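[1] fold the following for me, if possible:
(chains A and B)
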Protein chains: 2
Amino acid sequence: MPKNGISPTRKEDYPEWYQQVVRAGELAESSPVRGCMVIKPHGFAIWEAMQKILDGMFKATGHKNAYFPLFIPLSYLEQEAKHVEGFAKECAVVTHHRLELDEDGRLVPKGKLEEPLVVRPTSETIIGSMYAKWIQSWRDLPVLINQWANVVRWEMRPRVFLRTAEFLWQEGHTAHATEEEAIEETLQMLDIYATFAEQDLAIPVWKGPKPSSERFPGAVETYSIEAMMQDGKALQAGTSHFLGQNFAKAQNIKFTDKTSQEAFCWTTSWGVSTRLIGGLIMTHADDDGLVLPPRIAPEQIILLPIYRSDEDQNAVLNCCHKLKEQLENSQWRDESIRATIDDRDIRGGDKVWQHIKQGVPLRVEIGPRDLAAGTVSIARRDEPPKQKLTMTLEDFPKNAANLLESVQTNMLKKAVDFRENNSSTLNKKDEVSEFFDSKQDTSGFAYVHVADDPAVAEALDPLKVTVRCAPMDWDEEPGKCLYTGKSVLRRSVISRSY
Amino acid sequence: MPKNGISPTRKEDYPEWYQQVVRAGELAESSPVRGCMVIKPHGFAIWEAMQKILDGMFKATGHKNAYFPLFIPLSYLEQEAKHVEGFAKECAVVTHHRLELDEDGRLVPKGKLEEPLVVRPTSETIIGSMYAKWIQSWRDLPVLINQWANVVRWEMRPRVFLRTAEFLWQEGHTAHATEEEAIEETLQMLDIYATFAEQDLAIPVWKGPKPSSERFPGAVETYSIEAMMQDGKALQAGTSHFLGQNFAKAQNIKFTDKTSQEAFCWTTSWGVSTRLIGGLIMTHADDDGLVLPPRIAPEQIILLPIYRSDEDQNAVLNCCHKLKEQLENSQWRDESIRATIDDRDIRGGDKVWQHIKQGVPLRVEIGPRDLAAGTVSIARRDEPPKQKLTMTLEDFPKNAANLLESVQTNMLKKAVDFRENNSSTLNKKDEVSEFFDSKQDTSGFAYVHVADDPAVAEALDPLKVTVRCAPMDWDEEPGKCLYTGKSVLRRSVISRSY
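    Have a look, this model is predicted:
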């Protein structure tokens, strides 16, 4: 048995540790197509768990799902000038619609398209073109639609889950009659993302507007949730954009208001992606592999029968099945508990380590001795592998929900503490330089007064640091920008980032 | 109020009726991208309902979901010769990975790829290449994976839901140690499709092997479910393929068996798509629009409050909310009943017709008179719009499950009767010619003895008829092929088709 489940450890080589956690957790791997990943069943089950919760939150706030084309005509991208600059760079371009075998048996593209098509990097333009047709009157508003889809952005330096050419995401696109309503929607979705991150993924986030230099191309305001990874870098884990009337004007999304006046709609868009799985890993995984918060663990409890004789096997398996049934009849956070029995005929050590590496929140071993004593031995994934808890067979199912709640809460607390320990409130330029100089590899968050000004980005550039967002939940604390001297109302988070 | 909800009627112009049902039901519409559809919220909610049931059936039989790349390198398609012939024809081909603005502000494709990429028309090759890496030993088998994804097949004559360039589907891909096991899997999935079609979609299907001329490119055997549409044509509504070792050999998917011998795997693939929505429409919709079987209706019961005065409004809405709660606390087929209140401020007639056109199974009107009488007025979508049923406010929630069951059962029965009335068991070539001659527009199924022989396809071609499948559930009934004289064990279904 290795000293650690994962080699190298986080300290030894953080980027390589990340790759090894993904591999050992059987989450994903790279594919023969450059920059595209294969999401393996365990990784995809985590994504499905995320989808289920988010989809419920979207629908509870009045959104409906729909599906729009994968392809976008070039001319659509040309309509919104800023959007083109930001997005029309690294895209997959379809130029032909046929393949023919040549005399050497090689396939050759044929049937050149009159207008090339871009594989959607995001769908504002194609969805907007439909909204322009659908929306006529104030009675048609608001339009509140979400799409679960794949998107493609050609990446020169792909990294599984964090930056891949193709990834899965959801993109919400809404249209409103008034500016206020659209801003309210933008902030509502930002809140949903923050709640989901903290309550379900146990990832604490700062949420707030990004500086204009970091805005979504074409947006009036971009809000993000920013999480600290275990190397101290920030991960932008979700964004919500107030698009003003920019896209509506470019695409002619108009409506007749109650006074019979024609007006442009106010639109928003917002999204999270499979990048969240990368954030989950880098927030919670340890040197033994993945650690999953119970809320999105495909299996919350794994029951591990241990036996040698046939007689023991029967008794132990019976007990496991009974426990499984009791657990599945119990509820935690309004859902049935998810318990699985692993009775595969493989070495016990390998089996246990597989579940450790896959991050299962609770492992329960049941052998003949436990049966005799009427107990089970429980290991929490958020505690060291050898640390066990003993409970009676009667008590365990009754306490399973509490245990899951405790793991979930403890994971959030650990992540909050980690962020706290790696953040500093700084008031001088020198302090900022020092903070990031001394943390070349590990980084961290600095909370500082900075203005929304290009001069700030310029000043931070040599430190390889950017302004992440200005957290809205923080109390107002007026001060002067460290780099421009301008007055600002609140501190911002500055950090290295993914 | 129009005589019918849909114009033209089925009799007047069937293809146009279909388009109008899709439009009036707010299911989908064509997009600016040739051949690609936009699936609107109501259409997508139906797809989600289908996905939920199918996904549960797949998981209950041991399958897991995963996700594989959208793009396939050309060289992968070249590996399996027959597959190339069948599939490499009309595909979207990505040749560039960048766009640049030229001096006229037009976007131009740049960054030519060394090897073009095909947008997946189906994923056997890319998934097989991963299986070749994942599978080493018999212990790794079976691999039972499904993917929900978009695929693209360039279509010259697109038709919404039935034949679109991009469509949504699921594709299962499994690998097994033995031929028997792979055949068993192929047939299990065919059974799941047939059960789903009949029990959930209320679409009766014939399931069985297709003739070799109609096989999936590269398959050893293709099984399908075939449904009769209301114009008498067949719709292939799902397929399950036994791929033998063809793909395994082309892609080197090998394993070491229990005796340490190396062997090729036996693989299968199976899929259904958004085409099912087309099948649903053409099986059940009538001249008033969509008719949804309750099992996949996003809203099973729509509650329609009717009032004029504020006082009535309060009483009526209170009653609706109480009913909704009672309904949602009731179960039908192990799920909570889905009930919605429509209290939008629009004309009552328009409102009712919208729900008729969208196919909601039960419409319940509640006005002051009903309140006074303590009753509700119920309209079933599978009966004429004016036909109403009165029940007491107490009885209705208690009987809602029975009503839904009755609608579901009645819809299946109607469809079975329709198929029966438009099918004939024929024993002579002349009878076949006559049957299809007299049904130039409406078609129908003929049940005949035909061999799996190219001569049959040739003989049927002038009639624009093909062999759909040889239903496996039918009793053996040996006979001679009408066209080749060869002995065959069972009759086949021959028909015109989509």
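
[2] now the helices for the stretch 301-450 of chain A?
    Residue ranges of the helices in the stretch 301-450 of chain A, as given by DSSP state H, counting those that start in this stretch, are A:310-328, A:348-358, A:368-373, A:395-421, A:429-437.

[3] between those, which one is closest to residue A:104.
    Closest approach to residue A:104 among the helices of the stretch 301-450 of chain A is made by helix A:348-358 (46.0 Å; C-beta to C-beta). In short, each C-beta sits where N, CA and C put it, glycine included.

[4] mind listing what's buried in that closest one?
    Within helix A:348-358, the residues that count as buried by 16 or more other C-beta atoms under 10 Å in any protein chain shown are A:351, A:352, A:353, A:354, A:355, A:356, A:357, A:358.

[5] ditto for stretch A:235-251
    Residues of stretch A:235-251 classed as buried by neighbour count (16+ other C-beta under 10 Å): A:235-248, A:250-251.

[6] do the same with stretch A:437-451
    For stretch A:437-451, the neighbour count (16+ other C-beta under 10 Å) marks A:439, A:443, A:444, A:445, A:446, A:447, A:448, A:449, A:450, A:451 as buried.

[7] and that stretch, end to end?
    In terms of C-alpha to C-alpha, to the nearest Å, the two terminal residues of stretch A:437-451 are separated by 22 Å.

[8] any regions of the stretch 51-200 of chain A where pLDDT drops low?
    A:81, A:86-88 (pLDDT under 70).

[9] the same query, at a cut-off of 90, please.
    Scanning the stretch 51-200 of chain A for pLDDT under 90 picks out the ranges A:75-90, A:100-107, A:155-157.

[10] so which residues of it form strands?
    A:64-65, A:71-73, A:93-101, A:107-119, A:143-152, A:166-176 (DSSP state E, counting those that start in this stretch).

[11] still on that earlier bit, just send the buried residues of helix A:348-358 back as CSV, with distance to residue B:186 and pLDDT too.
    As requested, the buried residues of helix A:348-358 are arranged in CSV below (distance: C-beta to C-beta, whole Å; pLDDT from 0 to 100):
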residue, distance to residue B:186, pLDDT
A:351, 31, 94
A:352, 36, 95
A:353, 36, 96
A:354, 30, 96
A:355, 32, 97
A:356, 37, 97
A:357, 34, 98
A:358, 30, 98
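
[12] among the residues you listed, which are in reach of chain B?
    With C-beta under 8 Å from any C-beta of the partner chain as the criterion, the subset of the buried residues of helix A:348-358 in contact with chain B is empty.

[13] which among those residues gets closest to residue A:296?
    Of all these, the one with the least separation from residue A:296 (C-beta to C-beta) is residue A:358, at 12.9 Å.

[14] what pLDDT does the nearest residue to the closest one once chain neighbours are set aside get?
    Beyond its immediate neighbours in the sequence, the residue positioned closest to residue A:358 (C-beta to C-beta, 6 or more residues apart in numbering or on different chains) is residue A:25, lying 5.2 Å away. At residue A:25, the model reports a pLDDT of 98.

[15] quick one, what contacts residue A:25?
    With C-beta atoms under 8 Å, 6 or more residues apart in numbering or on different chains as the criterion, the residues that contact residue A:25 are A:42, A:43, A:281, A:285, A:289, A:290, A:357, A:358, A:359.

[16] tell me the most packed of these, by neighbour count.
    Counting by other C-beta atoms under 10 Å in any protein chain shown, residue A:290 has the largest number of neighbours within the contacts of residue A:25, with 29 neighbours.

[17] just put the strands of the stretch 51-200 of chain A in CSV and tack on distance to chain B and mean neighbour count.
    Putting these into CSV (distance: least, C-beta to the nearest C-beta, whole Å; neighbours: other C-beta atoms under 10 Å in any protein chain shown) gives the following:
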stretch, distance to chain B, mean neighbour count
strand A:64-65, 4, 18
strand A:71-73, 5, 25
strand A:93-101, 4, 21
strand A:107-119, 4, 18
strand A:143-152, 6, 21
strand A:166-176, 5, 23
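
[18] let me have the ones you listed in JSON lines, adding distance to residue B:36 as columns.
    Compiled in JSON lines, the strands of the stretch 51-200 of chain A are given as follows (distance: least, C-beta to C-beta, whole Å):
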{"stretch": "strand A:64-65", "distance to residue B:36": "17"}
{"stretch": "strand A:71-73", "distance to residue B:36": "6"}
{"stretch": "strand A:93-101", "distance to residue B:36": "12"}
{"stretch": "strand A:107-119", "distance to residue B:36": "9"}
{"stretch": "strand A:143-152", "distance to residue B:36": "13"}
{"stretch": "strand A:166-176", "distance to residue B:36": "17"}
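
[19] nearest to residue B:391, out of these?
    strand A:64-65 (30.9 Å).

[20] doesn't residue A:221 make contact with residue A:239?
    No - between residue A:239 and residue A:221 no contact is recorded; they are 10.7 Å apart, counting by C-beta atoms under 8 Å.

[21] for the stretch 151-300 of chain A, just list every one of the helices.
    Assigned helices in the stretch 151-300 of chain A, in chain order: A:179-195, A:246-251, A:275-284 (criterion: DSSP H, counting those that start in this stretch).

[22] likewise the stretch 1-150 of chain A?
    Chain-ordered helices for the stretch 1-150 of chain A, with DSSP H, counting those that start in this stretch as the definition, fall at A:14-24, A:41-60, A:74-78, A:81-87, A:124-134.

[23] what does the longest one contact?
    I take that to be helix A:41-60. Applying C-beta under 8 Å, 6+ apart, the contact partners of helix A:41-60 are A:22, A:25-28, A:39, A:65, A:146, A:148, A:168, A:170, A:172, A:192, A:195-196, A:200-201, A:272, A:274, A:276-277, A:280, A:292, A:295-298, A:358, B:64-67, B:145.

[24] tell me the buried residues in that helix?
    Judged by neighbour count using 16+ other C-beta under 10 Å, the buried positions of helix A:41-60 are A:41-51, A:53-55, A:57-58.

[25] what angle do that helix and strand A:166-176 make?
    Here helix A:41-60 runs at 0 degrees with respect to strand A:166-176, directions being taken by axes from the mean of the first three to the mean of the last three C-alpha atoms, to 10 degrees.

[26] tell me the angle helix A:41-60 makes with strand A:143-152.
    Between the axis of helix A:41-60 and that of strand A:143-152 there is an angle of 160 degrees, by the same axes, to 10 degrees.

[27] just the CA atoms of helix A:41-60, as PDB, please.
    The C-alpha atoms that make up helix A:41-60 are tabulated as PDB, following Å, rounded to 0.1, in the frame of the first residue of the first chain:
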ATOM      1  CA  PRO A  41     -18.400   7.500 -16.100                       C
ATOM      2  CA  HIS A  42     -17.300   8.600 -12.600                       C
ATOM      3  CA  GLY A  43     -16.600  12.100 -13.800                       C
ATOM      4  CA  PHE A  44     -19.800  12.300 -15.800                       C
ATOM      5  CA  ALA A  45     -21.800  11.100 -12.800                       C
ATOM      6  CA  ILE A  46     -20.500  14.100 -10.900                       C
ATOM      7  CA  TRP A  47     -21.500  16.400 -13.700                       C
ATOM      8  CA  GLU A  48     -25.000  14.800 -13.700                       C
ATOM      9  CA  ALA A  49     -25.300  15.400 -10.000                       C
ATOM     10  CA  MET A  50     -24.300  19.100 -10.600                       C
ATOM     11  CA  GLN A  51     -26.800  19.400 -13.500                       C
ATOM     12  CA  LYS A  52     -29.600  18.000 -11.500                       C
ATOM     13  CA  ILE A  53     -29.200  20.500  -8.600                       C
ATOM     14  CA  LEU A  54     -28.600  23.500 -10.900                       C
ATOM     15  CA  ASP A  55     -31.400  22.600 -13.300                       C
ATOM     16  CA  GLY A  56     -33.800  22.400 -10.300                       C
ATOM     17  CA  MET A  57     -32.700  25.900  -9.200                       C
ATOM     18  CA  PHE A  58     -33.100  27.300 -12.700                       C
ATOM     19  CA  LYS A  59     -36.600  25.900 -13.100                       C
ATOM     20  CA  ALA A  60     -37.600  27.000  -9.600                       C
END
